[in-house]
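In: sequence? don't have it. structure:
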RNA sequence: GCUGAAGUGGUGGAAUUGGUAGACACGUUGGACUUAAAAUCCAAUGGGCAGUAAUGCCCGUACGGGUUCAAGUCCCGUCUUCAGUACCA
């Protein structure tokens, strides 16, 4: 008997696949195409943990299965290699992020190779590679050179807009832009200077410069993500953070809101992800209304123009641009103090905290556009500057939040009594938010109308008097595209008199400059501000020293692009990854179209998945791609969580004072405990029975060396466990390498699938892995006897054929339904049955090897070659299910009484409903049950169940 | 707060359209083999009650209701956990 040696076998086939380029995809084929893609990994310093490969294994199973069923499969892998962690590490250690990234990628690659993925590595891409990001820069230029024509609902070249301006000014233009843009005639346009024209065009481009609110940390001199702020201070260092305006590149994704919403219908994505995107886009139909205040005008968007006569006050975001000019002197101090307090709160905090109500009266009154009433204007932090216009008309009788605000400040200056416009509704306790047919009152011409009628009538009136118009609003905001970071794509942009200019495409890539440190400059400029050679010479068309004072030298952009830039179009680069002349060839894109199966985490629902849809639509409008959407089918794999281990540490009172001791989980300390806490310990020091290797722990944690450890009675020291996100900082990372070493990649692959449904989050626990490893060994044994490899050419028994075909059916169905965990179970059942049947027939064992090959490719290849085949198993036809092997003459029917199953009866499978009833009623056991009772109803479902309702 | 998921034995999970709840594994217990351990193999294993036993009865899919001959599955309400919340990737 030859023992199963996973290390040898797996190494052998991994080398074979690499040498023979078994999984190389070709861009022309008679076969149908299939494109399976995993979400781009960021190569983190912690290496791949067991959670990462979950999705990769699933997509690999599908890819291998598709090859077996006659598809030309594109299954690539690469790295989203720009990002904060490498930069953070650079800040701390001075090591160039490129080096960190290169090392991390090498590690990832090594780890992935060990798991036996069928990637076409010739197509690997890295977003931080200049060969790649030159195309990302080119797409940025494409966006800059485009505007959105709402009349035809697509992006168009900016040159067309220019010629239309020359001919007819803004009169015929219906572009996606901000509100209130300057209008002009053709003559006026033609009289503008080049610079003036450029300024105007900048407002129309799909990427444009704007002032937006950011979380600014003065001490760190940088902008922080909400994520990096804890309780209002920076996570790193605990410095104060304030909201501040900053001029940044924006992406006009809002222009695509309607298409991003509508096209969701055609996608084979889960309803929950589509719903998340719908909510994120947040379409609402309503009206834009203008309230006059002296010479100013406050615009608000409302979804309830029918309630316009219920406006009791207005609230502006404290950051609203009009706040300073309308505030009265009497209120100025209070307003200033409130603005300052608000600046210290993050947006997320302001949204989440609905319990604390706060605000300040500005002292100003706006004029109601219809009634002419004086409406007091407040500021309140529940109104966010970035949402809509940053101002709301408050209708307390019809909105909960306005109601709460009005009651909180009731009786104070500037807070009049709530106006009720709902006939016969009591709003003293709560707002009336239902949109039913309750007639409206106290509303002049709207009196007696229903919600629907009043909506239309109010909008009509507002449009008539020029104080508003019907409008569809989206919650989706234009995306900030600038980052004040080093490790990202440089913008191909230089500035001439403060106006941005694009570097010509033929001079790309514009490579990242070297800097002495990866920190912002002293005066708060981004890290690229430290580069001494970072100016653009328009004569030589290259980067030159900042000291070069020729007239043709201009400063380059100092921001870099965000993480999502490179990942928004990478799925197309894989189609033609080594093309040096263009992003990808037309032919390659037309052949591969878009991604047939995309697997990744649902945490990307509103980021990556929305941004890449946006870019693909832009590329489509500009004729660069033939598809409207990047990903046809999406599967969201659940996160694999870590089981963190904790050691309990107590502070106890002893004679000499206070002492720290470590105590085993479950042991009671007899003595005075002052305080206690639990410390993370690395999970590698803990076994499956939660017992800590105290020595290793002490070596790892210096301060634990001289401490007392209180053990259990049986001498072991136990830890407690908690499920958390798998992360380096929680010391609960499990490395797949160790599993590959001990049990092999095939076992790892099967086990990750066996853990549960792909889409469900689950904690990682290796306790069950021996069962899967046992299965692999039993599978191996099926093909061997005492003397070594052995199969017979004799006909298989009907039972074995039944087992085989039952398994073929199940595995095919499971892969089509992405239910991989149940496949593994059915493999186990098959092997258990075939072993019991002592099956050694080639007729069964050959197809079985193909069946398992998508899941456990190494052992499958080895068995296939032992079976006498010279070619790889990878392209062999998948076994086909034949019904005839499963045909049975009888079925075990559950017999129930009042819905409760009592026993089963073996009954003929082809019996009709009446025959079944007759047969069952003749049965002794049934008679016994029915004795002394009346049958009220008999339910017979052929093939399913027999149920008697008795009384 | 808002949005989206999830909740089934000691554990991971299975259960096609509403039709035998707990497949398949892990763990545990007992046994075989062994000087011993590991490995391997066999048997039992949701909880409770009754019985020498065969077996029988009751409870049971987060909680409280409902629909139905029949509910883990459908409906209403509640609780808990997880994820996202616009500069983490």
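Out: That came through fine. Computed from a predicted model, the values in this text were never measured in an experiment.

In: quick check, distance from stretch A:620-638 to the centre of its chain.
Out: Taking the mean of its C-alpha atoms, stretch A:620-638 sits 15 Å from the chain's own mean (C-alpha atoms, centre = their mean, to the nearest Å).

In: does RNA strand B have contacts with that stretch?
Out: No - judged by C-beta under 7 Å from any atom of the strand, stretch A:620-638 and RNA strand B are separated, with a smallest distance of 7.6 Å. Using the backbone N, CA and C atoms, a C-beta is placed for each residue, glycine as well.

In: buried residues in that stretch, which are they?
Out: Judged by neighbour count (16 or more other C-beta atoms under 10 Å), stretch A:620-638 contains these buried residues: A:620-622, A:624-625, A:627, A:629-632, A:634-638.

In: determine which two of those residues are furthest apart.
Out: Within the buried residues of stretch A:620-638, A:622 and A:638 form the most distant pair, 36.9 Å apart (C-beta to C-beta).

In: find the nearest non-adjacent residue to whatever residue of the stretch 201-350 of chain A ends up closest to RNA strand B, please.
Out: Nearest residue of the stretch 201-350 of chain A to RNA strand B (C-beta to the nearest atom of the strand) works out as residue A:225 at 2.3 Å. Counting by C-beta to C-beta, 6 or more residues apart in numbering, residue A:225 lies nearest to residue A:215, which is 7.4 Å off, once chain neighbours are set aside.

In: show me what contacts the one you found?
Out: A:223, A:224, A:225, A:226, A:228, A:229, A:241, A:242, A:243, A:244, A:346 (C-beta atoms under 8 Å, 6 or more residues apart in numbering).

In: and the strands in the stretch 201-350 of chain A, which stretches?
Out: Remark: strands assigned in the stretch 201-350 of chain A by DSSP state E, counting those that start in this stretch are A:207-217, A:222-224, A:229-230, A:233-234, A:242-251, A:283-293, A:296-302, A:313-316.

In: in terms of secondary structure, what does the fifth one contact?
Out: Applying 3 or more C-beta pairs under 8 Å, 6 or more residues apart in numbering; DSSP states H and E, one finds that strand A:242-251 makes contact with strand A:207-217, helix A:329-343, strand A:479-480.

In: what residues are up against residue A:546?
Out: A:531, A:532, A:533, A:534, A:535, A:555.

In: redo that, cut-off 6 Å
Out: Applying C-beta atoms under 6 Å, 6 or more residues apart in numbering to residue A:546 gives the contacts A:532, A:535.

In: quick one, phi/psi of it?
Out: phi -70, psi -20 (degrees, to the nearest 10).

In: do residue A:940 as well
Out: phi -120, psi 120.

In: and if you look at residue A:203?
Out: phi -70, psi -10.

In: mind listing what it touches?
Out: Counted by C-beta under 6 Å, 6+ apart, residue A:203 has contacts A:177, A:181.

In: neighbours around residue A:772, how many?
Out: By other C-beta atoms under 10 Å, 24 other residues sit near residue A:772.

In: surely it is within a helix?
Out: Yes - using DSSP: H, G, I helix; E, B strand; the rest coil, the assignment for residue A:772 is a helix.

In: just list the residues touching it, thanks.
Out: Applying C-beta under 6 Å, 6+ apart to residue A:772 gives the contacts A:747, A:750, A:751, A:754.

In: find the nearest non-adjacent residue to the spatially most central residue of chain A, please.
Out: For chain A, the residue nearest the mean C-alpha position is residue A:604 (1.0 Å; C-alpha atoms, centre = their mean). Nearest residue to residue A:604 in three dimensions, chain neighbours excluded: residue A:39, at 6.4 Å (C-beta to C-beta, 6+ apart).

In: wait, that neighbour touches residue A:600, no?
Out: Yes - applying C-beta atoms under 6 Å, one finds residue A:39 in contact with residue A:600, separated by 2.8 Å.

In: write out the residues of the stretch 451-600 of chain A neighbouring RNA strand B.
Out: Counting by C-beta under 7 Å from any atom of the strand, the residues of the stretch 451-600 of chain A that sit close to RNA strand B are A:475, A:476, A:477, A:479, A:480, A:482, A:483, A:484, A:485, A:562, A:563.

In: and stretch A:5-17, what's buried?
Out: Neighbour-count burial for stretch A:5-17 flags A:6, A:9, A:10, A:13, A:14, A:17 (criterion: 16+ other C-beta under 10 Å).

In: partner strands of whichever strand in chain A runs longest, with direction?
Out: When chain A is parsed with DSSP state E, its longest strand is strand A:640-654. Partners of strand A:640-654 in the sheet, by DSSP bridges, are strand A:657-663 (antiparallel), strand A:673-681 (antiparallel), strand A:720-725 (antiparallel), strand A:762-763 (parallel).

In: could I get the ones you listed as CSV with mean neighbour count, distance to residue A:32 and mean pLDDT?
Out: Shown next, in CSV, are the strands paired with strand A:640-654 (neighbours: other C-beta atoms under 10 Å; distance: least, C-beta to C-beta, whole Å; pLDDT from 0 to 100):
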stretch, mean neighbour count, distance to residue A:32, mean pLDDT
strand A:657-663, 16, 62, 83
strand A:673-681, 14, 50, 78
strand A:720-725, 15, 39, 75
strand A:762-763, 16, 34, 81
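
In: to residue A:470, which of those lies closest?
Out: strand A:720-725 (45.5 Å).

In: return the helix or strand in chain A with minimum mean pLDDT.
Out: Between all helices and strands in chain A, the lowest mean by mean pLDDT, DSSP states H and E belongs to strand A:720-725, at a mean of 75.

In: that one close to RNA strand B?
Out: Yes - residues of strand A:720-725 contacting RNA strand B under C-beta under 7 Å from any atom of the strand: residue A:725.

In: now stretch A:214-231: average pLDDT?
Out: For stretch A:214-231, mean pLDDT is 82.

In: can you pull the buried residues of that stretch?
Out: In terms of neighbour count (16+ other C-beta under 10 Å), stretch A:214-231 has its buried residues at A:214, A:215, A:216, A:217, A:220, A:221, A:222, A:223, A:224, A:228, A:229.

In: and the two most separated of those?
Out: Among these, the pair separated by the greatest distance (C-beta to C-beta) is A:221 and A:229, at 15.3 Å.

In: quick revisit: which one of the strands of the stretch 201-350 of chain A lies nearest to residue A:421?
Out: With distances scored as C-beta to C-beta, the stretch of the strands of the stretch 201-350 of chain A nearest to residue A:421 is strand A:296-302 (13.6 Å).

In: and the closest one, which strands flank it?
Out: Strand pairing for strand A:296-302, using DSSP bridges, gives strand A:283-293 (antiparallel).

In: mind listing what's buried in the strand it pairs with?
Out: Buried, per 16+ other C-beta under 10 Å, within strand A:283-293: A:286, A:287, A:288, A:289, A:290, A:291, A:293.
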